[in-house]
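Q: show me the folded form of this:
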Amino acid sequence: AAALQAMAAYNQAKQFAHFGSSLAATAKGDINKGEHLRQLFTQTPGETYNLLAQQLMLDVILETDPMANIDIPLLKRQAKQLEPEIKVDNEYEPTKQQLKEQVFSQKAAA
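A: Below is the predicted model of the structure:
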């Protein structure tokens with residue numbers, strides 16, 4: 001539901017931006033978050049992720065500052081790599097935090 005709301009806000013902000021109006025910070029954040037989700041949902045043929053990896057990726061995007069730069073290709077690779085490490089529920093949050101740190105620090109260094 002949160003991803004659908006974010007995509008709806010993205011579409012609305014993109015339509016508003018199309019008219020050349022200056023955008024409020026929240027609209028810019030909606031566009032940025034929507035772009036991240038769009039990149040996440042765009043997959044090549046044969047590119048698959050199990051449910052837990054998908055949840056990790058969505059949570060990283062939805063729970064972060066909308067203006068943050070997220071390296072989506074790295075997010076996809078790292079989520080797939082870290083997901084098998086989650087064996088019990090209480091390992092999810094630390095793994096998600098580790099994933100967040102990886103996709104932001106790598107982008108900032110680039």
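Q: residues of stretch 60-79 that come out buried?
A: 60-61, 64, 66, 68, 70-72, 74-76, 78-79 (16 or more other C-beta atoms under 10 Å). For glycine as for every other residue, the C-beta is placed from the backbone atoms N, C-alpha and C.
Q: and which of those is nearest residue 31?
A: Proximity of these to residue 31 (C-beta to C-beta) peaks at residue 66, which lies at 8.5 Å.
Q: my guess is the closest one contacts residue 35. True?
A: No. In this structure residue 66 lies outside contact range of residue 35 using C-beta atoms under 8 Å: 10.1 Å.
Q: one step back: dump the buried residues of stretch 60-79 to CSV, plus secondary structure, distance to residue 90 and pLDDT.
A: Formatted as CSV, those follow (DSSP: H, G, I helix; E, B strand; the rest coil; distance: C-beta to C-beta, whole Å; pLDDT from 0 to 100):
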residue, secondary structure, distance to residue 90, pLDDT
60, helix, 18, 95
61, helix, 22, 94
64, coil, 21, 89
66, coil, 28, 86
68, coil, 26, 88
70, coil, 25, 93
71, coil, 27, 93
72, helix, 27, 94
74, helix, 25, 94
75, helix, 22, 96
76, helix, 25, 96
78, helix, 20, 96
79, helix, 18, 96
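Q: farthest pair in the residues you listed?
A: Maximum distance among these (C-beta to C-beta): 20.5 Å, for 66 and 78.
Q: where does this structure have low pLDDT?
A: 15-23, 105-110 (pLDDT under 70).
Q: residue nearest the middle of it, spatially speaking?
A: residue 61 (2.7 Å; C-alpha atoms, centre = their mean).
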